[in-house]
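Visitor: sequence and predicted structure below; questions after.
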Amino acid sequence: MTSSGHDRLPELMARYQTGDLAAFEEIYRETVHEVERYLARHAERSDHADLVQDVYLQVHRARRTYRMELPFRPWLFAIARHVALMAARRRRRKTGREVLVEEFPERETAAAEPDVLGRRQLARAVGQLSPEQREVVRLAHVEDLTSTEIGRRTGATPGAVKVRLHRAHLRLRRWFGVARRQDGPGPDEGMQ
Amino acid sequence: MSEPLPAALREALRRDSRPVRPLLPPAVRTLFIAMMALAAIPMALGMLGLRPDRQMLGPVLLWVPAAVRIAAGAALILLAMREGIPGLGAPAPLRAAALLGAPILLVLLAQWVAAGAVGSMPMIEKMAADMGRDPLDCLPREIMLAVPGVVLLCLLLARAYPLRPGFAATAGALGAGLIVDAALHLICPFAALSHTLLLHGGALAGLTAAAAGVGWALGRRRFGRGFF
């Protein structure tokens, strides 16, 4: 990376705007190590190779916004910074989802422990549901279908499926809540 | 150090390697949008003429609020157009000041004009009613006059590469809307603060919200996120 290399970058970018792929390769060679170092400092992810490629893909997509009178590197590093930021956001979103997924089975496991409820109680709770509710619960939790898929099977709209499922969950929750407090089978009045 | 271009990247570039023309500088693109928004002034004046209370308001209260709106609007559009070029975006405090400052400016100007017109207001409003002018007309009129500028703004932003498309579209639409609001200020006989804020401000808010929606969609499509 020489200073003359930096001086050539605007000219190379102008050539790339005319469709010269060789010019882009030169830009890549001149700047890739700087971009890698930048991402290593600013991005949280360990797979920097993907991010580096993403930066150059964004450079390609944004190529018409570059003008020769502008310094090249601030333009390039604004894109690199944005890619790092997007990666961090995606990671945070993913991490958030992972936490939820980890929490979910714990709740399920606790609810399904045989000494607390037992299969018979579960069957009895589900048996209290209306036939439509029972069907959506089975399709959602046993067959693992989405609302749209359930809708297709039952002839209901996805919205109606969600409402039915929500009401079924509420009834089950109410039933189990009573069952836990009394440490026994839930009374029917809790269901009505 | 000669790092070869990764094959996947090379392939992606090859698929879309058509030549492109560099965008015009942000100032020139700002000028296009500002001119389109400014066209609302002769159009509005041609349709309805200068506001009937211009004599009572005097030249300062008539022209200065219009000029301030135009200057602020152009500055906001310039911010939006610069946002379309990586590395030229405004820092966060300036972005926040721009988005908060525009409505505050509108309130202050409306208050200033309302205070200056308070004596003549009942008479002018009666005169306007006799002329068949309905205060509610200001809302659709302002929206209609501003739509071409806002559409052009959205098209230019879509051709550029705003890294914060939500902000760019919001600031740009506010700017184009403020310029059109200058036209409304020059023709509208209703100087009451409530009228300016609810109807003129409402039109501006509606346009800005619509443009912000476009910016959000642009961000979702490009980066998988809508705003800022």
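Guide: Thanks, I have it.
Visitor: for the rest of this, base every contact and every neighbour count on C-alpha atoms.
Guide: OK.
Visitor: alongside chain B, which residues does chain A contribute?
Guide: Counting by C-alpha under 8 Å from any C-alpha of the partner chain, the residues of chain A close to chain B are A:1, A:16-19, A:21, A:25, A:28-30, A:32, A:53, A:56-57, A:60, A:62-67, A:74-79, A:82, A:86.
Visitor: can you flag the buried ones in the residues you listed?
Guide: A:16-19, A:21, A:25, A:28-30, A:32, A:53, A:56-57, A:60, A:62-67, A:75-79, A:82, A:86 (16 or more other C-alpha atoms under 10 Å in any protein chain shown).
Visitor: circling back: looking at the residues of chain A next to chain B, which are in helices?
Guide: Cross-referencing the residues of chain A next to chain B against helices under DSSP state H gives A:16-17, A:21, A:25, A:28-30, A:32, A:53, A:56-57, A:60, A:74-79, A:82, A:86.
Visitor: okay, residue 58: pLDDT?
Guide: You didn't say which chain, so I picked chain A. Note on residue A:58: pLDDT of 93.
Visitor: that's the wrong chain, I wanted chain B
Guide: The score at residue B:58 is 89. That number is its pLDDT.
Visitor: elements contacting the helix or strand harbouring it?
Guide: Per DSSP states H and E, residue B:58 falls inside helix B:54-83. In terms of contacts (3 or more C-alpha pairs under 8 Å, 6 or more residues apart in numbering or on different chains; DSSP states H and E), helix B:54-83 is packed against helix B:26-38, helix B:92-117, helix B:165-187.
Visitor: check which element follows the last one along the chain.
Guide: By that I understand helix B:165-187. Criterion used, DSSP H and E; the element after helix B:165-187 is helix B:193-195.
Visitor: point to the helix or strand of chain A where mean pLDDT is at its lowest.
Guide: Here the helix or strand of chain A ranked lowest by mean pLDDT, DSSP states H and E is helix A:72-112, holding a mean of 70.
Visitor: check the gap between the residue minimising distance to the centre of chain A and chain B for me.
Guide: What sits nearest the mean C-alpha location of chain A, by C-alpha atoms, centre = their mean, is residue A:94, with 4.9 Å. Taking C-alpha to the nearest C-alpha, to the nearest Å as the measure, residue A:94 falls 14 Å from chain B.
Visitor: flag the shaky bits of chain A, pLDDT-wise.
Guide: Low-confidence segments of chain A, defined by pLDDT under 70: A:1-6, A:44-47, A:96-119, A:177-192.
Visitor: cutoff 80 now
Guide: Along chain A, the parts satisfying pLDDT under 80 run over A:1-7, A:43-49, A:90-124, A:131, A:142-145, A:148-149, A:151-156, A:173-192.
Visitor: could you pull up the residues touching residue B:22?
Guide: By C-alpha atoms under 8 Å, 6 or more residues apart in numbering or on different chains, the contact list for residue B:22 reads A:17, A:63, A:64, A:65, A:66, A:67.
Visitor: contacts only, for the last one.
Guide: Spelled out, it's residue A:67. Residues near residue A:67 by C-alpha under 8 Å, 6+ apart: A:10, A:14, B:22, B:23.
Visitor: helix/strand/coil for the last one?
Guide: In other words, residue B:23. With DSSP: H, G, I helix; E, B strand; the rest coil as the basis, residue B:23 sits in coil.
Visitor: quick check: pLDDT value at the closest residue to residue B:99 other than its chain neighbours.
Guide: Excluding the flanking residues, the one nearest residue B:99 by C-alpha to C-alpha, 6 or more residues apart in numbering or on different chains is residue B:171, at 6.5 Å. At residue B:171, the model reports a pLDDT of 97.
Visitor: again, but for the one 5 residues further on
Guide: pLDDT for residue B:176: 96.
Visitor: ok, it to residue B:79 distance?
Guide: Relative to residue B:79, residue B:176 is positioned 12 Å away (C-alpha to C-alpha, to the nearest Å).
Visitor: please identify which of these two sits among more neighbours.
Guide: residue B:176 (36 against 25; other C-alpha atoms under 10 Å in any protein chain shown).
Visitor: the helix or strand residue A:161 falls within: how far from the chain's middle?
Guide: Residue A:161 belongs to helix A:158-182 when assigned by DSSP H and E. Offset of helix A:158-182 from its chain centre (C-alpha atoms, centre = their mean, to the nearest Å): 27 Å.
Visitor: which helices and strands sit right next to it?
Guide: Against helix A:158-182 (3+ C-alpha pairs under 8 Å, 6+ apart) you get helix A:118-127, helix A:131-141, helix A:147-154.
Visitor: including distance to residue B:50 and mean neighbour count, could those helices go into a markdown table?
Guide: Below are the helices and strands packed on helix A:158-182 laid out as a markdown table (distance: least, C-alpha to C-alpha, whole Å; neighbours: other C-alpha atoms under 10 Å in any protein chain shown):
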| stretch | distance to residue B:50 | mean neighbour count |
| --- | --- | --- |
| helix A:118-127 | 74 | 15 |
| helix A:131-141 | 66 | 17 |
| helix A:147-154 | 58 | 17 |
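Visitor: relative to residue B:133, which of those helices is closest?
Guide: Set against residue B:133 and scored by C-alpha to C-alpha, the helices and strands packed on helix A:158-182 come closest in helix A:147-154, at 52.5 Å.
Visitor: other SSEs contacting that closest one?
Guide: If contacts are counted by 3+ C-alpha pairs under 8 Å, 6+ apart, helix A:147-154 sits against helix A:131-141, helix A:158-182.
Visitor: fine by me, we can end here.
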